[in-house]
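S.K.: need the 3D shape of this:
(one chain, ligands or ions: 1)
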Amino acid sequence: MSMPKAQLFGLGVDLVDMQEAAGIAMGLVQGSGGYVVTLNPEMCMRALEDTEFADTIKGAALVVPDGIGTVWALRRLGHKDVPKVPGIELAETVASRCAKDGTAVYLLGAKPGVAERAAAYLVLKHKGLKIIGVKDGYYGKEDEGKVARDVADSGAGVVFVAMGAGRQESFMQLACSLKAGIAMIGIGGSFDVFAGDIKRAPDMVRKLGLEWLYRGLTQPSRLRRLAKLPAFALTVLTRPSLARNGRTG
Ligand code: UDP
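M.R.: This next block holds a predicted model:
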């Protein structure tokens, strides 16, 4: 299927709305499989310097703008109608479809015990949802191959991978190379929210497009990450060619 695409920091972003994104993800389960990247400004900035990371994103079957930062940047660069597709909401939408059509789901990531509680939340919310496996995201790098194999062989059609940007994308690339017909979606810290350990910003804050600020201020560990945002915004505003192509000229 050919989807409208935009270039952001040299990465192709698919201009699809939430329902289209969920439909494409579910289509991967019937087809060749693949992974979905939910792109945020930090990832864009990292892609400028880390070509391996950029290549992993380019290998995704679907790349969606995760939040207001990427949506704002795409609009500034001339793409007027860019829907926001937050990873956490995409996971809920896909979970609801899986519950309806019987696709089994695997949850990988977050601290020990969190994925189990996230699974309990999802099963309660989406009646009939089948969770075929859960695993925390704090295993050693040397076990990556085994975990990828276990997940690929688990019988899951959809895998939610919540290990933070970078780690989750390289895991998805590896695991998807092992088996066709599995859709993997990288969703950052979403299990912590599903489990009730972290609260999403109130509706009003989200409507104002300030969820990123709320998260930065309420989770001190994220404060440092806010520092990257001005450079992202400045690049978009003053160096549009770099912000589009990931290089100047
Ligand atoms: N995490 C993990 N393994 C690691 C490092 C982090 O499973 O080695 C988890 C962490 O517990 C948290 C999520 O990955 O649940 C990262 O959350 P964050 O909000 O930082 O994600 P992002 O902002 O990248 O979407």
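S.K.: ok, residues contacting the worst-scoring helix or strand of the chain on mean pLDDT?
M.R.: Sorted by mean pLDDT, DSSP states H and E, the helices and strands of the chain end with helix 220-226, the least confident at a mean of 81. With C-beta atoms under 8 Å, 6 or more residues apart in numbering as the test, helix 220-226 has contacts from Glu42, Trp212, Leu213, Arg215, Gly216, Leu217. All C-beta atoms are positioned from the backbone trio N, CA, C, and that covers glycine.
S.K.: of those, buried ones?
M.R.: Glu42, Trp212, Arg215, Gly216 (16 or more other C-beta atoms under 10 Å).
S.K.: surely the first one and Lys228 touch.
M.R.: So the one you mean is Glu42. Yes - if you go by C-beta atoms under 8 Å, Glu42 and Lys228 touch, sitting 5.3 Å apart.
S.K.: for the closest residue to Gly102 other than its chain neighbours, what are its contacts?
M.R.: In this structure, Gly102 finds its nearest non-sequential neighbour in Lys130, 6.7 Å apart by C-beta to C-beta, 6 or more residues apart in numbering. Residues near Lys130 by C-beta under 8 Å, 6+ apart: Cys98, Ala99, Gly102, Thr103, Ala104, Val105.
S.K.: can you select the buried ones among those for me in PyMOL?
M.R.: To isolate the buried members of these in PyMOL, using 16+ other C-beta under 10 Å:
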select buried, resi 98+99+103+104+105
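S.K.: in helices, which of the contacts of Lys130 fall?
M.R.: Cys98, Ala99 (DSSP state H).
S.K.: which of the contacts of Lys130 lies closest to the ligand?
M.R.: Val105 (16.9 Å; C-beta to the nearest ligand atom).
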